[in-house]
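Trainee: Requesting a structural model of the entry that follows:
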Amino acid sequence: MYFADIIGQEDIKAHLRRFVDENRLAHALLFTGPRGNGKLPLAVALAHYLLCGGRNGEDACGNCPTCTKVNKLIHSDLHFVFPVIKKKSGSDSAPVSDDYIGEWRELFTKKPYFTYADWLAKLDIENQQPMIYERESGEILRKLSMQSREGGWKIVIIWLPEKMKEACSNKLLKIIEEPPKDTLFILVSEEPEKIIPTILSRTQRIHIPALSCGEIAHAMSQRYGLTQADAQMVAARSAGNWEQAEAQLRVDADNEQFLDLFTKLMRIAYARNIREMKKWSEQVAAMGREKQKHLLEYCQRMIRENFIMNFKRNEMLYMSDSEREFSIRFSPYVNERNIFGIVDELSQAQRHIEQNVNAKMVFFDMSLRMIVWIKNR
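Mentor: The predicted model follows:
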């Protein structure tokens, strides 16, 4: 992962390069900001730039053995820490990140802008909640107590430090505050308010902003060959989130089916047709979980688009002709009295699907609740 691979964030990349080049890099950094902005890829790109002995002031060289190792995430002085689950069989001891390093490398290599939900799917969890266990702190201390194998920096990237057990956090306090020479911690957080204050106070916080529509549109054109108009439409829907922008491409292929399911849900909710709701829920529950999540994202977008349609601001609408045709009749049913309730129901259903709650129950319960909101005109 190079700085050149990072979408947008030119100011942040320039600051990070300057910190390295002027030897002003803090020993512990905390990357924060909204989802889908590239925090984790930025952390890896910074580590790559720092480890590369042939960097040119703009990026890592791309030619040396170090670059080859970092690109494969196998550099011996680059360590990753992330939430994991206990294995179904084997040792009774708490798991550590190295137990899942193969899955981590595979996911990051395939999809650097992956989400927490992507990681959960990769772990194939059932009812467990991934955590960073106390045993991880011992592994970090052991690795950092040894000399650099490559003769340079030692870097630890902690993804989602808010998932650390308190005992793990407490054991890392001293080394984060006073690490060995040429050691860097990069913490990448989605919810920094959940990190214990004593860890927060030992880091330099760097806020990574959401991506602009222009940055996403440009990347969409470059990486996927979209026309300017299509790229701008995808960017406008993505809310500064690259993962959401990529999800739009997947959703577009299913738009016809999603529109049919969305219109059917709204109609049977208005008609209070419980029998049809049950059939609808079973139909959606039979789809894969990823497709279910994309459907719920699509429904949330359609609700927002219909709300905006009421204000006669066509320049702010991003809908296909078939979506507009339905929305002309449906939009009066989405207003300031019910929009937040409807979107909350859909987003809560999405969270439950991500947590592997029974899909039939999730969708039937959500459709029942939709009756109240659609009738609230």
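Trainee: where are the low-confidence patches of the stretch 101-250 of the chain?
Mentor: 126-127, 250 (pLDDT under 70).
Trainee: mind listing the helices in it by residue range?
Mentor: Per DSSP state H, counting those that start in this stretch, the stretch 101-250 of the chain carries helices over the ranges 101-110, 116-123, 134-145, 166-177, 197-200, 213-224, 228-238, 242-252.
Trainee: which other helices and strands contact the second one?
Mentor: If I follow you right, that is helix 116-123. helix 101-110, helix 289-309 (3 or more CB pairs under 8 Å, 6 or more residues apart in numbering; DSSP states H and E). To be clear about C-beta, it is placed using only N, CA and C from the backbone, and glycine gets the same treatment.
Trainee: can you list the domain ranges for this protein.
Mentor: Following automatic domain parsing, one finds the domains of the chain at 3-207, 254-375.
Trainee: Quick check: end-to-end length of the last one?
Mentor: Chord length of domain 254-375, first to last residue, is 28 Å (CA to CA, to the nearest Å).
Trainee: now swap in the longest one and tell me
Mentor: Between the opening and closing residues of domain 3-207 lies a distance of 17 Å (CA to CA).
Trainee: will you turn the helices and strands packed on helix 116-123 into a markdown table that also has distance to residue 175 and mean neighbour count?
Mentor: What follows is the helices and strands packed on helix 116-123, written out as a markdown table (distance: least, CB to CB, whole Å; neighbours: other CB atoms under 10 Å):
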| stretch | distance to residue 175 | mean neighbour count |
| --- | --- | --- |
| helix 101-110 | 21 | 15 |
| helix 289-309 | 38 | 20 |
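Trainee: Columns distance to residue 336 on top of those, output as JSON lines?
Mentor: Supplementary listing: these in JSON lines, determined by distance: least, CB to CB, whole Å:
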{"stretch": "helix 101-110", "distance to residue 336": "41"}
{"stretch": "helix 289-309", "distance to residue 336": "8"}
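Trainee: between those helices, which one is nearest to residue 234?
Mentor: For these, the distance to residue 234 is smallest for helix 289-309, at 11.5 Å, taking CB to CB.
Trainee: can I get the CA coordinates of that closest one in PDB?
Mentor: Extracted as PDB, the C-alpha positions of helix 289-309 are listed here (Å, rounded to 0.1, in the frame of the first residue of the first chain):
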ATOM      1  CA  ARG A 289     -26.600 -11.600   4.200                       C
ATOM      2  CA  GLU A 290     -24.500  -9.300   2.000                       C
ATOM      3  CA  LYS A 291     -27.400  -8.800  -0.400                       C
ATOM      4  CA  GLN A 292     -29.800  -8.200   2.600                       C
ATOM      5  CA  LYS A 293     -27.500  -5.400   3.900                       C
ATOM      6  CA  HIS A 294     -27.400  -3.900   0.400                       C
ATOM      7  CA  LEU A 295     -31.200  -4.000   0.200                       C
ATOM      8  CA  LEU A 296     -31.500  -2.100   3.500                       C
ATOM      9  CA  GLU A 297     -28.900   0.500   2.400                       C
ATOM     10  CA  TYR A 298     -30.900   0.900  -0.800                       C
ATOM     11  CA  CYS A 299     -34.200   1.300   1.100                       C
ATOM     12  CA  GLN A 300     -32.600   4.000   3.300                       C
ATOM     13  CA  ARG A 301     -31.400   5.900   0.200                       C
ATOM     14  CA  MET A 302     -34.800   5.700  -1.400                       C
ATOM     15  CA  ILE A 303     -36.500   7.100   1.800                       C
ATOM     16  CA  ARG A 304     -34.100  10.000   1.800                       C
ATOM     17  CA  GLU A 305     -34.600  10.600  -2.000                       C
ATOM     18  CA  ASN A 306     -38.400  10.600  -1.500                       C
ATOM     19  CA  PHE A 307     -38.100  13.100   1.300                       C
ATOM     20  CA  ILE A 308     -36.000  15.500  -0.800                       C
ATOM     21  CA  MET A 309     -38.500  15.100  -3.700                       C
END
